[in-house]
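Engineer: coords below, sequence missing:
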């Protein structure tokens, strides 16, 4: 006795239904025979699948789709049941046999479940989000299924990693004119996506072309229909931190709705793995921030101690240095001073001037800095600094340049900015060779900035972490305080100071300031 529910349809109406079929849907023979197929579909197929089943039935009847298996969720006498409907033609024209079965796909679903379960530890050990997704698709592909990921970007969807037919991907990229991962699709074209996120359950479609026709151009759909079979597809939603992240799409001829539960659980594991990656990244960032704050605290404590010592030394050295300079000036005017004596006096004066410069640097570094922000023209300040530095530049054989341009307005302390630019220009002059150039470039825009470039040696990579530390000198006779002062000026203005290779061949120091308030 045939126990498989079977119904024969001719011309869009039922002409035969066996007892198992009648029992499955709780119909009498009189109710079934002569009933329109469309009426039965609307009555027993769940609303979410009605349109797809109608379309599938019409395509089979018109010869536009191959016969085979279709998974459908029915309202049966036992409640909702997911069944596999096998379609076969009869020798009579316009007649079809539909057999309802609920056992195919169990073995494939079990194997897929086991494989996905084994892969979970590797997912949780992944170090990046891409690694999580790539590993997930590798597991699915190893079971003989094609797969893809879709990211949710507001009202749009975008492909992530793929494991699909390479020729189809290449053809799609040719038609779109860019990488598939760069193409975005409107979520509104795929209503089942929002339903999947609302219900947190996988959405099954018996024919992948029912999905891709909604998002791909007809040219690509026609190409795929001519070369690829109409396989089923399952879209499982992925949530990260309780928000929709995307979808894992699985497709293949052996895919059945029985795999939905396994893929839903796997998608949850993928979401957990993505959350773990993000949490590790946040932990690493918090650790880096803590280390940065610790370094800043240590640096501030050291700076405070250095500042106090510098103030004391400057105060104690100021008067003796002045006395030495005055004595050297008197000796220069003494008559009868020998050549060797005059040379010694010159050395004394030169070293005293250098010591005087160091004392001034110490005073600049040690004094409390508080910015009084006012609207200031950065270009005018740079011009004034270059004018004051001109004698030193001439003595060193260095040419000073100010890039042309309009005024650059900033809200800053003019005196402190002048001090920072002066230190940068002075250092640039001192490191530049004779006939070298020092270029100063004020710039406006979203973030105002002033750059000072030279033709001296570039800053070695090993020196970059310490270049703004007090007393870390790049020159043998430098004080190591000029750049430390520049950094202090930047800090009180909530600005950044950067160093990089200059187009002139040396270093370029850039002080970036916040834009002026409207």
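Structural biologist: The structure has been received and is ready for your questions. The structure presented is a predicted model; accordingly, all values stated were derived computationally and were not measured. Residues are numbered from 1 along each chain as shown.
Engineer: got the contact list for residue 90?
Structural biologist: Shown in contact with residue 90 (Cβ atoms under 8 Å, 6 or more residues apart in numbering): 8, 96, 97. Heads up, the C-betas are built off the backbone N, CA and C, glycines and all.
Engineer: does the second one lie in a helix or a strand, and which?
Structural biologist: Secondary structure from DSSP states H and E places residue 96 in strand 95-101.
Engineer: which stretches in the stretch 401-518 of the chain count as helices?
Structural biologist: Along the stretch 401-518 of the chain, the stretches classed as helices by DSSP state H, counting those that start in this stretch are 414-431, 482-492.
Engineer: buried set for the shortest one?
Structural biologist: Buried residues in helix 482-492, counting neighbours by 16 or more other Cβ atoms under 10 Å, are found at 482, 483, 484, 485, 486, 487, 488, 489, 490.
Engineer: now, the most widely separated pair of those residues?
Structural biologist: Spanning the widest gap among those are 482 and 490, at 13.0 Å by Cβ to Cβ.
Engineer: quick check: residue 36 vs residue 101, distance?
Structural biologist: As defined by Cβ to Cβ, to the nearest Å, residue 36 lies at a distance of 23 Å from residue 101.
Engineer: contacts only, for the closest residue in space to residue 248 that isn't next to it in sequence.
Structural biologist: Leaving aside its sequence neighbours, residue 248 sits nearest to residue 236 (Cβ to Cβ, 6 or more residues apart in numbering; 4.9 Å). Residue 236 sits next to 196, 202, 247, 248, 249, 250, 260, 263, 264, 266, 267 when contact means Cβ under 8 Å, 6+ apart.
Engineer: next step: these restricted to strands.
Structural biologist: Counted as lying in strands by DSSP state E, out of those, are 247, 248, 249, 250.
Engineer: tabulate the residues you listed (a markdown table), appending pLDDT.
Structural biologist: Shown next, in a markdown table, are these (pLDDT from 0 to 100):
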| residue | pLDDT |
| --- | --- |
| 247 | 94 |
| 248 | 94 |
| 249 | 92 |
| 250 | 92 |
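Engineer: ok, so what distance separates the residue nearest to residue 248 from residue 468?
Structural biologist: Between residue 236 and residue 468 the computed distance is 52 Å (Cβ to Cβ).
Engineer: the closest residue to residue 16 other than its chain neighbours sits in which helix or strand?
Structural biologist: Spatial nearest neighbour of residue 16, excluding adjacent residues (Cβ to Cβ, 6+ apart): residue 8 at 4.0 Å. Assessed by DSSP H and E, residue 8 sits inside strand 6-10.
Engineer: so what touches the following helix or strand past that strand?
Structural biologist: As assigned by DSSP H and E, the chain's next helix or strand after strand 6-10 is strand 13-17. Applying Cβ under 8 Å, 6+ apart, the contact partners of strand 13-17 are 6-9, 27, 29, 32-37, 40, 95.
Engineer: state the pair within those residues that is farthest apart.
Structural biologist: 27 and 95 (20.1 Å).
Engineer: which of these two has more residues huddled nearby?
Structural biologist: residue 27 (20 against 14; other Cβ atoms under 10 Å).
Engineer: how many neighbouring residues does the residue lying closest to the more buried one once chain neighbours are set aside have?
Structural biologist: Leaving aside its chain neighbours, residue 27 sits nearest to residue 17 (7.2 Å; criterion: Cβ to Cβ, 6+ apart). Counted with other Cβ under 10 Å, the neighbours of residue 17 add up to 24.
Engineer: separation between residue 17 and residue 57?
Structural biologist: 16 Å.
Engineer: then residue 146?
Structural biologist: The value you get for residue 146 to residue 57, if Cβ to Cβ is used, is 26 Å.
Engineer: pick out the residue nearest the middle of the protein.
Structural biologist: The centroid of the chain falls nearest to residue 129 when counting by Cα atoms, centre = their mean (10.8 Å).
Engineer: what is the mean pLDDT for the strand holding residue 96?
Structural biologist: Here strand 95-101 scores 85 as its mean pLDDT.
Engineer: centre of the chain versus it, how much separation?
Structural biologist: Relative to its chain's centre, strand 95-101 lies at 52 Å (Cα atoms, centre = their mean, to the nearest Å).
Engineer: name every strand pairing with that strand and say which way it goes.
Structural biologist: Under the criterion DSSP bridges, strand 95-101 sits next to strand 6-10 (antiparallel), strand 79-89 (antiparallel) in its sheet.
Engineer: and that strand, what's buried?
Structural biologist: Buried-residue list, strand 95-101, by 16+ other Cβ under 10 Å: 96, 98, 99, 100.
Engineer: what of stretch 68-81?
Structural biologist: Neighbour-count burial for stretch 68-81, counted by 16+ other Cβ under 10 Å, picks out 68, 69, 70, 71, 72, 73, 74, 76.
Engineer: what about that stretch, start to end distance?
Structural biologist: Stretch 68-81 has an end-to-end distance of 19 Å (criterion: Cα to Cα, to the nearest Å).
Engineer: what helix or strand is residue 385 on?
Structural biologist: With DSSP H and E as criterion, residue 385 is part of helix 378-396.
Engineer: quick one: that helix to helix 414-431, angle?
Structural biologist: Interaxial angle, helix 378-396 versus helix 414-431 (axes from the mean of the first three to the mean of the last three Cα atoms, to 10 degrees): 30 degrees.
Engineer: same question for the helix or strand harbouring residue 238, mean pLDDT?
Structural biologist: Following DSSP H and E, one finds residue 238 within strand 233-240. Mean per-residue pLDDT for strand 233-240: 92.
Engineer: thinking again about what came up before, using TSV, lay out the buried residues of strand 95-101 together with distance to residue 119.
Structural biologist: Listed next are those as TSV, based on distance: Cβ to Cβ, whole Å:
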residue	distance to residue 119
96	41
98	37
99	35
100	34
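Engineer: pull out the buried residues from stretch 384-404.
Structural biologist: For stretch 384-404, by 16+ other Cβ under 10 Å, it's 385, 386, 389, 393, 396, 398, 400, 402.
Engineer: contact partners for the second one?
Structural biologist: Applying Cβ under 8 Å, 6+ apart to residue 386 gives the contacts 400, 402, 425, 440.
Engineer: can you list contacts of stretch 74-87?
Structural biologist: 23-26, 43-46, 60, 67-73, 96-105, 256-258.
Engineer: cutoff 7 Å now
Structural biologist: If you take Cβ atoms under 7 Å, 6 or more residues apart in numbering as the criterion, stretch 74-87 is touched by 23-26, 44-46, 60, 67-73, 96, 98-102, 104, 256-257.
Engineer: how about the nearest residue to residue 500, chain neighbours excluded?
Structural biologist: In space, residue 500 is closest to residue 508, 5.4 Å off (Cβ to Cβ, 6+ apart).
Engineer: alright, I will stop here.
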